[in-house]
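Visitor: sequence and predicted structure below; questions after.
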Amino acid sequence: MTSSQSSSEQFGQHLKSVGGSEADVSGSAYVVTEEDTVESVVSGLRMKQHEHGDPDSEPTILHASAQVLISRRDEQDPSHHPGTSQPGEYQLDIHFPGGRCTREPIPEEDLEAAQTWAQRRIEAEGADFGAIYFPSGGGIAPGTGALECSYDSSLGWHR
């Protein structure tokens, strides 16, 4: 991420790269709360689509839209901003088909080394998606903290 580009802008670019648009975010009518995680936002976006009779979006578009919404929320609250935690505090969330998610600490202090370690864990578990978080705000449950970057087996790492 460049210093002139926010994380929500980076996630917005990712959303476009998977076939989504700003309309998937702004037209969602979903209001993100402090307790929301990426997974709960995905679920909420899906429910809003059903309420409005809209066709289901692709899972990658829903996930990317949720990342944009969460990053916008975190940018509004400095305690959730990625810069509030220190290297070495990274947590890995591994997302499994069917909605199950696990969280484990990453033993690496450098983000690049953490990504390498995390990718091996994600692939070893047979999962297609994972995310690295800083546990800012004291959250240790999956999906909590400041999202640093995500891994999608079809796209690789993105911020």
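Guide: Done, it's in. Residues are numbered from 1 along each chain as shown.
Visitor: what helix or strand is Glu9 on?
Guide: helix 7-17 (DSSP states H and E).
Visitor: pLDDT on the helix or strand that that helix is followed by, on average?
Guide: Counting by DSSP H and E, the element after helix 7-17 in chain order, helix or strand, is helix 22-26. For helix 22-26, mean pLDDT is 85.
Visitor: so where is the protein shaky, pLDDT-wise?
Guide: 1-7, 77-88, 135-144 (pLDDT under 70).
Visitor: which residue is nearest the middle of the chain?
Guide: Nearest to the mean C-alpha position of the chain, counting by CA atoms, centre = their mean, stands Gln67 at 4.5 Å.
Visitor: which helix or strand contains that one?
Guide: helix 59-76.
Visitor: what's the angle between that helix and helix 7-17?
Guide: Relative orientation of helix 59-76 and helix 7-17, computed by axes from the mean of the first three to the mean of the last three CA atoms, to 10 degrees: 170 degrees.
Visitor: elements contacting helix 59-76?
Guide: Here helix 59-76 touches helix 7-17, helix 22-26, helix 38-51, strand 146-152, going by 3 or more CB pairs under 8 Å, 6 or more residues apart in numbering; DSSP states H and E. The way it works is simple: take the backbone N, C-alpha and C, and place the C-beta from them, glycine included.
Visitor: noted, bye for now.
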